[in-house]
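# With the sequence up front, the predicted model follows.
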Amino acid sequence: QVQLVESGGGLVQAGGSLVLSCAFSGRTFSNYVMGWFRQAPGKEREFVARISRSGTTTVYADSMKGRLTIAKNNAKNTVYLQMNSLRPEDTAVYYCAAGPIYSGTYWRDYNYWGQGTQVTVSS
């Protein structure tokens, strides 16, 4: 059974940066596409970023493109999300997810989810 544990969330001022981490265990990490999603109160879960199994291909949400970097360290079984120039509208719970090779920007593609980490951006 895959387990995902996110960390790195917190309170940051607008314009600041955060690095989220997601530790993967239970299966072979390099066999999974990894994604980051977020959900703000009263809103649907939203795609943020996705990285291929090898770590060579990335996809970002248009709303955050240019402010994000997703990276995957297969030796450490960890995926990271660097977020820069944060805005109050980026406030949400951020979730890490793992899925099969076809997993894309739709949250239902992913089989496994972490518990989420809160990111709050103050103005």
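Looks like it came in fine. Quantities reported herein were computed from a predicted structural model and do not represent experimental measurements.
# Show me which positions of stretch 59-75 end up buried.
Using 16 or more other Cβ atoms under 10 Å as the burial criterion, the residues of stretch 59-75 that qualify are 59, 60, 61, 64, 67, 68, 70, 72. C-beta: built from backbone N, CA, C; applies to glycine.
# Could you give the number of residues near the residue nearest to the last one when sequence neighbours are not counted?
Which is residue 72. Among residues not flanking residue 72 along the chain, residue 55 sits closest, at 3.9 Å (Cβ to Cβ, 6 or more residues apart in numbering). Using other Cβ atoms under 10 Å, residue 55 has 15 neighbouring residues.
# so what pLDDT did the residue nearest to the spatial centre of the chain get?
The residue lying closest to the centre of the chain (Cα atoms, centre = their mean) is residue 36, at 2.3 Å. For residue 36, the pLDDT comes out at 98.
# can you check residue 65 too?
85.
# element containing the residue nearest to residue 72?
Residue 55 belongs to no helix or strand when assigned by DSSP states H and E.
# Contacts only, for it.
When contacts are counted by Cβ atoms under 8 Å, 6 or more residues apart in numbering, residue 55 touches 71, 72, 73, 74.
# hmm, try it at 10 Å
By Cβ atoms under 10 Å, 6 or more residues apart in numbering, the residues touching residue 55 are 30, 34, 70, 71, 72, 73, 74, 79.
# What does the fourth one show for phi and psi?
Same thing as residue 71. phi -140, psi 150 (degrees, to the nearest 10).
# these two touch, right, it and residue 54?
No - at 12.0 Å, residue 71 does not count as touching residue 54 under the criterion of Cβ atoms under 10 Å.
# Roughly how far does residue 93 sit from residue 30?
Per Cβ to Cβ, to the nearest Å, residue 93 is found 27 Å from residue 30.
# Neighbour count for the two, which is higher?
residue 93 (18 against 13).
# quick one: the more buried one is in a helix?
No - applying DSSP: H, G, I helix; E, B strand; the rest coil, one finds residue 93 to be strand, outside a helix.
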